[in-house]
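Asker: Mind looking at a prediction? Sequence and model below.
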Amino acid sequence: DTYKANAEAYLAELKELGETDPEAMRQLAEEYRERNETEPYEGRPYDKVEVNPDGSFSFEVTAAAESVELRLDGRYLYLEEMFVEEVEEDRIYELEPTLGACLSMRITLPIGADADERVEALERIQVALRGSESGGMMGMVRSAEQVDMEHLGDGLFEARSLPTSLFWLGGVESPDYVDARTNTTKLEPGEDHEISVILEMGARLSGVTVTERGEPVKDAEVSVRATNDTRFWMGGGRGQNAKSDEEGHFELRGIPAGEVRLSGSFDGSKNPEPIELEIGESDVRGGYELVFGDGLAIRGVVFWSDGAPVSGARVGLETGDRPQTQRWGRSAEQLWVTTDEAGAFALTGLEPGSYRVRANQDSPEGGEALGRWRGVKEDVTAGTSGIELRLEEPAVVKGRVLKTDGTPLKAKEMGKISVTLSTV
């Protein structure tokens, strides 16, 4: 019951974020998925035992358990399909694993790497494998499976129980050094295979992010990537990213030699003009300045239907030229802010043009209506001040599920079904 309640609370939170902050919704879903797959937590029965030499194993489960999910964790053996069965007393559950392989990757830092930063630099490295039925480039683009490799320490990464039917390509991402990629590898059942990767130092760029008045911009997103990045669609060319500190300073490391574009972004400001430059293999350059403009703004106040200001409402905007079916999806054209205690908001850093502004908030305290109240204003020109958004009480949509012959479904015929509503 506790597990069910936790799951329902999570789904409710996920739905709310999907309406107000899609990026936060995706992050929450990823965190929940990782926790659900790897860790026990309150309300979720979870246990792990070692398999005996004769292949047997045994768990104790509560009387309330209706079904069990069994997973196999081994160096070579794995289950090709999820094993979920009803609980039956005295039943011997038989698992039939497939013999896979183990692949390890030894990462060596560049000769010029700072010895004092070695441990931290290794911890920041992420290594993943992509598996595909085809070893060609297009096969990897349509990658069938991705596996994050575990860091065992001192630059040794490992992935176990890999299907030998796939070709495996390794990718190494580092914020400090040039990213690397291995050749495709085909493994044999029961094989232990090790790959060595020596990272390159790459170039380093540093500078400062400031406003038009010369004030530092904290937490601006700064990135650099190849100007003609044909590697991006092939799984490479990720580019390097960093955030500016309290003084506006930034440093980008591990940049491959060639023609690159240095750019920045910061919510509420007009992005600076990108800087095009050509860098050498181990260049160390500084003094670059990214100037963020104020841009235009849309300012206003959000009210309830009775005229009271709405505190904590989420206000977002989008350009008016997106297809109607995409209106509620988050995109690069969208910006979200929260109203203050007086219901006021300011959407800043806008380019000239016309925008669609919308706001939403939970039902007011003491209100009988369920769901979120919404308000929308079309064709608002950047630079406009004093707009008013009045939230409307959510309407109720009712319906009925019918058979193909038009007759109502009976309760025993329905089982567990649900209806999802999306609005535009």
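Answerer: In hand now; what should we look at? Numbers count the residues shown, from 1 in each chain.

Asker: Just the strands from the stretch 101-250 of the chain, written as ranges.
Answerer: Along the stretch 101-250 of the chain, the stretches classed as strands by DSSP state E, counting those that start in this stretch are 101-108, 126-132, 145-148, 150-153, 156-162, 167-173, 180-181, 185-186, 192-198, 203-211, 221-226, 240-243, 249-255.

Asker: and those as CSV, adding mean neighbour count, mean pLDDT and distance to Val87?
Answerer: C-beta: built from backbone N, CA, C; applies to glycine. Listed next are those as CSV, based on neighbours: other CB atoms under 10 Å; pLDDT from 0 to 100; distance: least, CB to CB, whole Å:
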stretch, mean neighbour count, mean pLDDT, distance to Val87
strand 101-108, 19, 96, 33
strand 126-132, 20, 93, 34
strand 145-148, 13, 87, 30
strand 150-153, 12, 94, 32
strand 156-162, 20, 96, 26
strand 167-173, 21, 94, 37
strand 180-181, 18, 92, 46
strand 185-186, 16, 94, 40
strand 192-198, 14, 96, 37
strand 203-211, 21, 96, 58
strand 221-226, 20, 92, 50
strand 240-243, 18, 92, 48
strand 249-255, 20, 95, 52
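
Asker: Quick one: closest of these to Phe59.
Answerer: Of all these, strand 156-162 sits nearest to Phe59, with 20.7 Å by CB to CB.

Asker: other SSEs contacting that closest one?
Answerer: Judged by 3 or more CB pairs under 8 Å, 6 or more residues apart in numbering; DSSP states H and E, strand 156-162 is in contact with strand 101-108, strand 126-132, strand 145-148, strand 150-153.

Asker: which residues sit against it?
Answerer: Residues outside strand 156-162 that contact it (CB atoms under 8 Å, 6 or more residues apart in numbering): 72-78, 100-107, 127, 129, 131, 147-152, 168, 187.

Asker: in stretch 266-276, what's buried?
Answerer: Neighbour counts over stretch 266-276 (16 or more other CB atoms under 10 Å) mark Phe266, Gly268, Ser269, Lys270, Asn271, Pro272, Ile275 as buried.

Asker: who's in contact with it?
Answerer: Counting by CB under 8 Å, 6+ apart, 209, 211, 217, 219-221, 227, 259-265, 288, 290-295, 335, 337, 347-351 sit against stretch 266-276.

Asker: out of the strands of the stretch 101-250 of the chain, which comes closest to Ala12?
Answerer: Across the strands of the stretch 101-250 of the chain, the minimum distance to Ala12, taken as CB to CB, is reached by strand 145-148, at 29.2 Å.

Asker: Distance from the chain centre to stretch 184-199, please.
Answerer: Here stretch 184-199 is found 28 Å from its chain centre; the criterion is CA atoms, centre = their mean, to the nearest Å.

Asker: How about residues contacting that stretch?
Answerer: Applying CB under 8 Å, 6+ apart, the contact partners of stretch 184-199 are 76, 99-110, 135, 140, 162, 164, 167-170, 172, 174, 177-178, 180, 182, 254.

Asker: can you tell me the distance between the two ends of it?
Answerer: The separation between the terminal residues of stretch 184-199, taken as CA to CA, to the nearest Å, is 18 Å.

Asker: ok so, going back, select only the buried ones of the contacts of stretch 266-276 in ChimeraX?
Answerer: Selection of buried members from those for ChimeraX, criterion 16+ other CB under 10 Å:
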select :209,217,220,221,260,261,262,263,264,265,288,290,291,292,295,335,337,347,348,349,350
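
Asker: Just the ones in strands from the buried residues of stretch 266-276, please.
Answerer: Members of the buried residues of stretch 266-276 lying in strands (criterion: DSSP state E): Ile275.

Asker: Single out whichever of the buried residues of stretch 266-276 has the smallest pLDDT.
Answerer: When the buried residues of stretch 266-276 are compared by pLDDT, Gly268 scores lowest at 75.

Asker: any idea how far that one is from Ser363?
Answerer: Relative to Ser363, Gly268 is positioned 29 Å away (CB to CB, to the nearest Å).

Asker: next one: Val224
Answerer: As judged by CB to CB, Val224 and Ser363 stand 46 Å apart.

Asker: what do you get for Leu409?
Answerer: According to CB to CB, Leu409 stands 31 Å off from Ser363.

Asker: same check, this time on Ser104
Answerer: Applying CB to CB, the value for Ser104 to Ser363 is 55 Å.

Asker: contacting residues around Gly175?
Answerer: One thing to correct before we go on: residue 175 is Pro, not Gly. Shown in contact with Pro175 (CB under 8 Å, 6+ apart): Arg124, Gln240, Asn241, Ala242, Arg253, Gly254.

Asker: Val357: which of those residues is nearest?
Answerer: Nearest to Val357 out of those is Asn241 (CB to CB; 29.7 Å).

Asker: correct me, but the closest one touches Phe250?
Answerer: No. Using CB atoms under 8 Å, Asn241 makes no contact with Phe250, being 9.8 Å away.

Asker: Mutual contacts of those two, please.
Answerer: Val222.

Asker: pLDDT weak spots in the stretch 1-150 of the chain?
Answerer: For the stretch 1-150 of the chain, the stretches with pLDDT under 70 are 1-8, 10-11, 18-20, 22-23, 32-46, 62-65, 135-144.

Asker: all helices for it, in order.
Answerer: Taking DSSP state H, counting those that start in this stretch, the helices of the stretch 1-150 of the chain run over residues 2-20, 22-38, 118-124, 137-141.

Asker: Quick one: end-to-end distance for stretch 113-121.
Answerer: Stretch 113-121: ends 9 Å apart by CA to CA.

Asker: what does it contact?
Answerer: With contact meaning CB under 8 Å, 6+ apart, stretch 113-121 is reached by Leu109, Ser174, Asp176, Tyr177, Met201.

Asker: Gly258: what's its closest spatial neighbour, skipping adjacent residues?
Answerer: Take Gly258 and drop its neighbours on the chain: the residue closest to it by CB to CB, 6 or more residues apart in numbering is Ala226, 5.8 Å away.

Asker: Neighbours of Glu281, how many?
Answerer: 13 (other CB atoms under 10 Å).

Asker: what number of residues lie near the closest residue to it other than its chain neighbours?
Answerer: In this structure, Glu281 finds its nearest non-sequential neighbour in Ala257, 4.3 Å apart by CB to CB, 6+ apart. Ala257: 16 surrounding residues under other CB under 10 Å.
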